[in-house]
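Q: Provide a 3D model corresponding to the input given below.
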Amino acid sequence: MDAIVLAGALNDGALRAVSSAAYEAEIEIAGKPMVAYVLDTLNRMDEIERVAVAGYATDNLLRYMTGKVCRVDPGDSMVDSLIKALELLQSKRPVLVVTSDIPLITPEAIRDFLVRCQANPGDVHYSFVSKVQNEARYPGVQRTYVKLRDGVFTGGNIALLSPDIVRERIDILKRAASFRKNPVQLCSMLGWKYLFKFIFGLLTIREVEDRVSRALGLKAVGIISPYPEVGIDVDKPSDLELAAKALAQV
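A: Now for the predicted structure:
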């Protein structure tokens with residue numbers, strides 16, 4: 001299959017205090033830009049045929065445009081970048097989508113996700129990681145968690161998407177992406193019944209899958225990954241410190 005790496009975010013948030021890089025993907029960790037770790041992982045996977053990076057043509061990024069890696073300018077939003085990368089690839093099969101800010105990601109973590117997706121067919125597969133798994137592997141790691149009846153989870157940073165579904169659902173995907181850092185607003189898109197159950201920790205992953213599937217006319221599947229690396233993105237100084245320590249030991 002093909003993969004897309006979203007690498008167009010400006011470094012204008014909390015990480016600006018510890019790095020002068022113009023883009024988050026180019027923030028240096030243990031001697032390499034953050035996106036390089038993601039690309040190295042995808043390059044090591046025989047399952048991935050092509051990789052489209054949605055990122056600006058900087059010298060720091062262009063040096064990684066070799067072999068199966070190509071590049072397209074990002075769009076005005078995450079979903080716009082996704083659409084531009086899909087247009088470049090013209091993929092007919094499901095596409096793996098990965099953010100550029102998960103430098104701890106490994107081929108094993110991605111393969112496990114893909115195997116679980118294959119066992120649960122759908123149009124949209126999204127990843128979750130439990131707090132228990134995160135704390136066991138990286139004690140004290142700071143993440144945004146949500147309490148569901150199934151457990152306490154943080155959202156992952158990899159997904160498997162049907163290209164046709166993405167093209168047909170652009171507006172709703174943009175709205176969902178704008179709420180990705182606010183679980184309450186994201187859940188409110190499902191309706192008041194679901195928001196109420198979410199607030200009281202009564203909502204299940206299956207209910208979310210069913211509601212999204214009915215509302216959008218597709219099959220949505222949530223995948224619980226046992227790999228914390230799927231959910232640990234670098235978006236604040238403490239994350240950068242954790243990643244630097246972990247990668248220095250590799």
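Q: rest of the way, CA atoms for contacts and neighbours
A: Noted.
Q: which one's the longest strand in this protein?
A: Scanning the chain for the strand with the most residues, using DSSP state E, yields strand 151-161.
Q: what about the helices in this protein?
A: Listed in chain order, the helices found in the chain under DSSP state H are 34-43, 59-62, 78-89, 107-119, 131-137, 163-168, 170-178, 183-188, 192-199, 205-216, 237-248.
Q: So which of the ones you listed is nearest Asp2?
A: Counting by C-alpha to C-alpha, Asp2 lies closest to helix 78-89 out of the helices of the chain; the figure is 7.8 Å.
Q: by contact count, what packs against that closest one?
A: Packed against helix 78-89, as judged by 3 or more C-alpha pairs under 8 Å, 6 or more residues apart in numbering; DSSP states H and E, are the following elements: strand 2-6, strand 50-54, strand 69-72, helix 163-168, helix 170-178.
Q: Using PDB, list the CA coordinates for it.
A: Presented in PDB, the C-alpha positions along helix 78-89 are these (Å, rounded to 0.1, in the frame of the first residue of the first chain):
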ATOM      1  CA  MET A  78      -4.500  18.900   7.500                       C
ATOM      2  CA  VAL A  79      -7.400  17.600   5.400                       C
ATOM      3  CA  ASP A  80      -6.300  19.800   2.400                       C
ATOM      4  CA  SER A  81      -2.800  18.300   2.700                       C
ATOM      5  CA  LEU A  82      -4.300  14.800   2.800                       C
ATOM      6  CA  ILE A  83      -6.300  15.500  -0.400                       C
ATOM      7  CA  LYS A  84      -3.200  16.900  -2.200                       C
ATOM      8  CA  ALA A  85      -1.100  13.900  -1.300                       C
ATOM      9  CA  LEU A  86      -3.900  11.500  -2.500                       C
ATOM     10  CA  GLU A  87      -4.100  13.400  -5.800                       C
ATOM     11  CA  LEU A  88      -0.300  12.900  -6.200                       C
ATOM     12  CA  LEU A  89      -0.500   9.200  -5.400                       C
END
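Q: got the angle for it vs strand 2-6?
A: 140 degrees (axes from the mean of the first three to the mean of the last three C-alpha atoms, to 10 degrees).
Q: So for stretch 124-142, first residue to last residue, what's the gap.
A: With C-alpha to C-alpha, to the nearest Å as the measure, stretch 124-142 spans 27 Å from end to end.
Q: tell me how far stretch 106-115 is from the chain's mean position?
A: Computed by C-alpha atoms, centre = their mean, to the nearest Å, the separation of stretch 106-115 from the middle of its chain amounts to 13 Å.
Q: hang on, I meant stretch 112-128
A: Per C-alpha atoms, centre = their mean, the displacement of stretch 112-128 from the mean C-alpha position of its chain is 13 Å.
Q: can you pull the buried residues of it?
A: Residues of stretch 112-128 classed as buried by neighbour count (16 or more other C-alpha atoms under 10 Å): Phe113, Leu114, Arg116, Cys117, Gly122, Asp123, Val124, His125, Tyr126, Ser127, Phe128.
Q: Let's have these in a markdown table, adding pLDDT and distance to Leu104.
A: Compiled in a markdown table, the buried residues of stretch 112-128 are given as follows (pLDDT from 0 to 100; distance: C-alpha to C-alpha, whole Å):
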| residue | pLDDT | distance to Leu104 |
| --- | --- | --- |
| Phe113 | 97 | 15 |
| Leu114 | 97 | 17 |
| Arg116 | 97 | 20 |
| Cys117 | 96 | 21 |
| Gly122 | 92 | 27 |
| Asp123 | 91 | 27 |
| Val124 | 90 | 24 |
| His125 | 93 | 21 |
| Tyr126 | 92 | 18 |
| Ser127 | 94 | 16 |
| Phe128 | 91 | 16 |
